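Participant: how does the following fold in three dimensions:
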Amino acid sequence: MIRICLPLVVLAMLTSSMAAAQDFMFSAKYNGDELEGRPLLWTDQQMLILARDGALHTVDPRQAEEARKTAPRFQGYTTSEMRSALYDEFGRAKTVTSTGHYLVVHRPGESDAWATRFEELYRSFQNYFRVRGFKLHRPKYPLVAVIYDSEQEYHEAARKTGAELQPNTLGHYDPTSNRVLMFDRVGNHDRDWGITANTIVHEATHQMAFNTGLHSRTATTPQWVVEGLATMFEARGVYQSGAGDTRRDRINQGRLDDYFHFVDSATGKLTLGELVASDTPFRTSSQRAYAEAWALTFFLSETRPREYEQYLKLTAARKPLSEYEPVERVRDFQSVFGNDLTMLESNFRTWMNELR
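Facilitator: This next block holds a predicted model:
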């Protein structure tokens with residue numbers, strides 16, 4: 001169908017070469033499938049839509065059929081609507097367990113331990129930022145985690161999403177579907193929780209951060225920000241409320257060991273400017289980049305929580321699908337934490353040395 005088949009309310013917004021998000025909701029058929037959601041961004045040839053289940057869809061507006069406005073404000077699926085949609089997708093081969101904020105898809109006959117753990121992580125995540133004065137958004141739809149029965153089933157599902165998985169990957173957060181995908185490696189026994197705990201915590205943290213306003217799902221967020229936050233939550237004193245309330249409890253010991261391994265080695269540490277300016281360090285030496293991202297995030301969260309919150313808001317408010325050049329990344333970082341990166345790095349390294 002050509003563009004004239006779109007309703008006037010959508011046509012009026014497509015006159016801009018790159019229109020901004022509106023809060024209204026509309027539905028249309030694309031290739032025979034009905035899609036309902038909020039338009040986030042569009043050109044004459046492309047539209048980015050936030051669907052009611054939280055998934056992102058990129059479509060050609062000229063191919064829309066039977067388009068119509070359905071609501072003046074975006075309305076995500078309710079828990080019952082989302083559960084029904086998940087059963088339509090997975091059938092009775094899976095069970096869908098709901099909590100206050102999560103729907104977890106898993107094999108029938110299991111207890112609801114998976115859902116309980118995701119819900120506990122969500123509450124700890126909220127509590128961590130609330131006590132530090134952060135104001136988080138409440139997701140407009142339930143968050144979804146899918147626990148596959150085997151590694152093979154998980155990898156098959158991941159391939160369908162286009163994910164490129166590293167060897168021995170246990171799970172990942174898919175920003176397009178907005179789901180955490182993983183497999184039940186150990187039969188979900190409490191005694192084996194530690195085997196998959198870090199993966200669950202890390203990927204669930206990505207999901208929660210992208211759905212509560214800390215990160216943007218449509219704009220480029222520096223990788224050190226995304227991975228630094230997720231690795232910070234790998235520490236039990238962070239992800240598990242009540243596990244301990246000292247700084248030592250909140251240290252991710254594995255990342256701390258990695259940090260000092262590189263600081264003390266011939267490889268050396270990354271400079272603050274290198275980490276802030278580009279995602280390249282994650283491609284050249286990922287272990288070092290993850291360690292440095294954790295260290296900087298932990299330092300800022302522990303010593304400068306107000307500025308850290310301001311910086312997260314700044315990066316989350318960026319224009320959708322825009323490039324984030326190194327000069328701009330550094331300028332944004334300096335606008336919050338000060339122009340003197342040399343002094344900040346000196347303070348950062350001194351503080352880290354006190355954690356040995």
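Participant: show me where pLDDT drops low in the chain?
Facilitator: 1-21, 110-111, 186-196, 241 (pLDDT under 70).
Participant: could you rerun that using 50?
Facilitator: Filtered on pLDDT under 50, the chain yields the residue ranges 1-9, 11-18, 189-192.
Participant: where do the strands of it begin and end?
Facilitator: For the chain, the strands defined by DSSP state E occupy 25-30, 33-42, 47-51, 56-59, 65-71, 95-98, 102-106, 143-148, 171-174, 179-183.
Participant: what angle separates the longest one from strand 25-30?
Facilitator: Between strand 33-42 and strand 25-30, the angle formed by their directions is 120 degrees, by axes from the mean of the first three to the mean of the last three CA atoms, to 10 degrees.
Participant: buried ones in strand 33-42?
Facilitator: 35, 36, 37, 38, 39, 40, 41, 42 (16 or more other CB atoms under 10 Å). The C-beta positions use only the backbone N, C-alpha and C, and glycine is treated the same way.
Participant: ok so, going back, closest one to residue 221 among the strands of the chain?
Facilitator: strand 171-174 (13.0 Å; CB to CB).
Participant: could you dump the closest one to PDB, C-alpha only?
Facilitator: Extracted C-alpha coordinates of strand 171-174, given in PDB (Å, rounded to 0.1, in the frame of the first residue of the first chain):
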ATOM      1  CA  GLY A 171      22.100 -15.800  28.400                       C
ATOM      2  CA  HIS A 172      21.700 -12.300  27.000                       C
ATOM      3  CA  TYR A 173      19.400  -9.300  26.900                       C
ATOM      4  CA  ASP A 174      17.900  -8.700  23.500                       C
END
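Participant: what's next to it, contact-wise?
Facilitator: Contacts with strand 171-174, where a contact means CB atoms under 8 Å, 6 or more residues apart in numbering, come from 154, 158, 161, 163, 165, 179-183, 196, 199-200, 203-204, 206-207, 210.
Participant: narrow these to just the buried residues.
Facilitator: Applying 16+ other CB under 10 Å to the contacts of strand 171-174 flags 154, 158, 179-183, 196, 199-200, 203-204, 206-207, 210 as buried.
Participant: how about these, which pair is most distant?
Facilitator: Farthest-apart pair in the buried ones among the contacts of strand 171-174 is 183 and 210; separation 21.7 Å (CB to CB).
Participant: and the residue nearest to residue 288 when sequence neighbours are not counted, how far is that from residue 235?
Facilitator: Spatial nearest neighbour of residue 288, excluding adjacent residues (CB to CB, 6 or more residues apart in numbering): residue 262 at 4.6 Å. Plainly put, residue 262 is 19 Å away from residue 235 if you go by CB to CB, to the nearest Å.
Participant: neighbour count for the two, which is higher?
Facilitator: Per other CB atoms under 10 Å, whichever of residue 262 and residue 235 has more neighbours is residue 235, with 24 against 18.
Participant: ok, that one to residue 294 distance?
Facilitator: Here residue 235 is placed at a distance of 9 Å from residue 294 (CB to CB).
Participant: mutual contacts of those two, please.
Facilitator: Counting by CB under 8 Å, 6+ apart, the shared contacts of residue 235 and residue 294 are residue 252.
Participant: buried stuff in stretch 240-259?
Facilitator: Buried residues in stretch 240-259 (16+ other CB under 10 Å): 240, 241, 250, 251, 252, 255, 256, 258, 259.
Participant: which of those sits closest to residue 227?
Facilitator: Using CB to CB, the buried residues of stretch 240-259 come closest to residue 227 at residue 255, 10.2 Å.
Participant: quick check: closest non-adjacent residue to that closest one.
Facilitator: The shortest distance from residue 255 to any non-neighbouring residue, by CB to CB, 6+ apart, is to residue 294 (4.0 Å).
Participant: which residues are in contact with the one you found?
Facilitator: Residue 294 makes contact with 227, 228, 231, 232, 252, 255, 256, 259 under the criterion CB under 8 Å, 6+ apart.
Participant: tell me the domain boundaries of this protein?
Facilitator: 3-71, 79-211, 223-353 (automatic domain parsing).
Participant: any idea which residue sits dead centre in this protein?
Facilitator: Nearest to the geometric centre of the chain sits residue 206, at 3.1 Å (CA atoms, centre = their mean).
Participant: next, find the distance separating it from residue 125.
Facilitator: 11 Å.
Participant: could you do residue 85 as well?
Facilitator: Counting by CB to CB, the gap from residue 85 to residue 125 is 25 Å.
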